[in-house]
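[1] This is a predicted model, with the sequence first.
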Amino acid sequence: MDLFVQNAWHPDHGQVDLEIEGGVIRAMGRHLVASLDVQVLDARGMAIIPGLVNAHTHAAMTLFRGFGDDMPLMQWLETRIWPAEAKLTEEDVYWGTRLACLEMIRSGAINFQDMYWHYHGVARAVEDSGLRAGVGAIFIDVAGKEQAEQFKQQAETLWEETSRYSDRVRYTLTPHAIYTVSPETLRWVAEFSEKHNVPVHIHLSETQHEVDTCLQQHGCRPTQHLANQGLLTERTFLAHAVHVDDAELDMIAKAGATLVTNPVSNMKLAVGGVFPLARAAQRDIPIALGTDGAASNNALDLFQDMKTFALIQKHADVDPTAAPAKLVWEIASGARAPIFGESGRIEVGQAADFLLIHRENPEMTPEHCFTSNLAYAATGHMVDTVVVDGRILMRGRHIEGEQEVRREAALRARALCEAL
């Protein structure tokens, strides 16, 4: 036994103790007895719940939080983000990702899916923080065939090099979008994904302009374009998917692909639509929740995003029964998206990935419906303890090395953004 949790309140089972060994919950019940030499975690007064899954983000963009807010999208990209990103080093990305991991741990995320530059910078940050993550091998080939070949070679090299990391780091292919990656490269990604059985993480149908451009250039909508390249499979997860029609949703459902909604970022960037939750859920499409990057959210608190997600669905559908709390919680905890490897359950045999939150917080009182309180009232500040793979990452809201991460990230953000 590596860790013993005592006196936790389980939403389904009441007061329980847990025995954890090898990163797995080996026993759970009342009146269990800890070994003499085991670490004991007293959860008295706290609920034990699954951790959250941030299924689409650009973690190191914490370095650009608040840099150029309230600007038109293209002006923001061309005058702020792209010039700053051109200066990024692997160490910048490492510290920006460490800052993101710090924020996600403090707000209850235990697994995130990243799409950004400098694979090893991200992977090292994941290892050092203790979280789980899908780390992306990026593809953008707008500059032509030479650039495409460079990214293909890089992806192959990174595939070989990723063995240096633990299994908490999951290699993922991340072609940026259909408008920044050529059909030829998308087909190469599809073949690589099938050969090595690795996930593909891509933006899709975030704006109407993307849809219109795809129709003009390829004669079909974005989902069909992906399918034409062999990239619509059960290994694919699609970020945003705001502007998808019923025929596209039928295709996504048939393929077994996963949709990731990012409601706060979508509203902040004014993408002109709302994720079609009801139509996707009717088709049993796997669904997950993401924050997007901190440059366009600007926080990485999935508890806050849960409430926004639920409310925008109710508002858009003119239906207070839309996006009920139970469904929203299942989506945020990964239970509705098996591709990310989180069950959304605290049970024997499951990975020891969980949160402890104070039941006595004002936001959780009264407890008419615990799940409703989580979806509509809770914030990340209620998280007291985070455990991933049986290791305590935060206890009493203290994380080892927090001051160093904040200091180093702030210095690097200042250097990247000054004079822009």
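    Structure's in. What do you need? No experiment lies behind these values; they were computed from the predicted model shown.

[2] Strands along the stretch 151-300 of the chain, start to end?
    For the stretch 151-300 of the chain, the strands defined by DSSP state E, counting those that start in this stretch occupy 169-175, 200-204, 236-240, 258-261, 287-289.

[3] Now mean pLDDT too, for these, in CSV please.
    What follows is the strands of the stretch 151-300 of the chain, written out as CSV (pLDDT from 0 to 100):
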stretch, mean pLDDT
strand 169-175, 98
strand 200-204, 98
strand 236-240, 98
strand 258-261, 98
strand 287-289, 98
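
[4] now the ones you listed in TSV, with distance to L374 and mean neighbour count?
    From N, CA and C alone the C-beta is placed, and that goes for glycine too. Below are the strands of the stretch 151-300 of the chain laid out as TSV (distance: least, Cβ to Cβ, whole Å; neighbours: other Cβ atoms under 10 Å):
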stretch	distance to L374	mean neighbour count
strand 169-175	26	24
strand 200-204	26	27
strand 236-240	24	27
strand 258-261	18	27
strand 287-289	13	25
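
[5] which one of the ones you listed lies closest to D37?
    The closest of the strands of the stretch 151-300 of the chain to D37 is strand 169-175. By Cβ to Cβ, the value is 30.0 Å.

[6] Make sure H381 is indeed in a strand.
    No. Going by DSSP: H, G, I helix; E, B strand; the rest coil, the assignment for H381 is helix, not a strand.

[7] ok so, going back, distance to D2 for the strands of the stretch 151-300 of the chain - can I get that in CSV?
    Shown next, in CSV, are the strands of the stretch 151-300 of the chain (distance: least, Cβ to Cβ, whole Å):
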stretch, distance to D2
strand 169-175, 21
strand 200-204, 32
strand 236-240, 32
strand 258-261, 32
strand 287-289, 29
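
[8] Quick one, which of those strands gets closest to D92.
    strand 169-175 (18.5 Å).

[9] Extract the C-alpha trace of the closest one and format it as CSV.
    Output of strand 169-175 as CSV, limited to C-alpha atoms (Å, rounded to 0.1, in the frame of the first residue of the first chain):
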residue,chain,number,x,y,z
VAL,A,169,2.7,11.6,-21.1
ARG,A,170,0.7,10.4,-24.1
TYR,A,171,2.0,11.2,-27.6
THR,A,172,-0.7,12.8,-29.8
LEU,A,173,-0.7,14.1,-33.3
THR,A,174,-1.9,17.7,-33.5
PRO,A,175,-2.4,19.0,-37.0
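
[10] angle of it against strand 200-204?
    Interaxial angle of strand 169-175 relative to strand 200-204 (axes from the mean of the first three to the mean of the last three Cα atoms, to 10 degrees): 40 degrees.

[11] Can you spell out which helices and strands pack onto strand 169-175?
    Applying 3 or more Cβ pairs under 8 Å, 6 or more residues apart in numbering; DSSP states H and E, we find strand 169-175 packed against strand 109-114, helix 119-129, strand 132-139, helix 145-161, helix 183-196, strand 200-204.

[12] hey, which helix or strand in this structure has the poorest pLDDT?
    helix 73-76 (a mean of 83; mean pLDDT, DSSP states H and E).

[13] Need the residues that contact that one.
    Here helix 73-76 makes contact (Cβ atoms under 8 Å, 6 or more residues apart in numbering) with 68, 269-270.

[14] Can you name the next helix or strand after that helix?
    Downstream of helix 73-76, the first helix or strand assigned by DSSP states H and E is helix 82-85.

[15] Please identify the buried residues of the least confident helix or strand of the chain?
    Within helix 73-76, the residues that count as buried by 16 or more other Cβ atoms under 10 Å are W76.

[16] Just the C-alphas of that helix, formatted as PDB.
    Extracted in PDB, the C-alpha atoms of helix 73-76 (Å, rounded to 0.1, in the frame of the first residue of the first chain):
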ATOM      1  CA  LEU A  73      -9.200  38.100 -33.700                       C
ATOM      2  CA  MET A  74      -6.800  38.700 -36.700                       C
ATOM      3  CA  GLN A  75      -5.400  41.900 -35.200                       C
ATOM      4  CA  TRP A  76      -4.800  40.100 -32.000                       C
END
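
[17] circling back: just put the helices and strands packed on strand 169-175 in TSV and tack on distance to V328.
    Output for these, formatted as TSV (distance: least, Cβ to Cβ, whole Å):
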stretch	distance to V328
strand 109-114	15
helix 119-129	26
strand 132-139	22
helix 145-161	35
helix 183-196	30
strand 200-204	22
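
[18] so which of these gets nearest Q350?
    Here strand 109-114 is closest among the helices and strands packed on strand 169-175 (Cβ to Cβ), at 12.3 Å.

[19] burial of F340, as a residue count?
    Per other Cβ atoms under 10 Å, the neighbour tally for F340 reads 26.

[20] what about L411, distance to G96?
    Distance, L411 to G96, by Cβ to Cβ, to the nearest Å: 11 Å.
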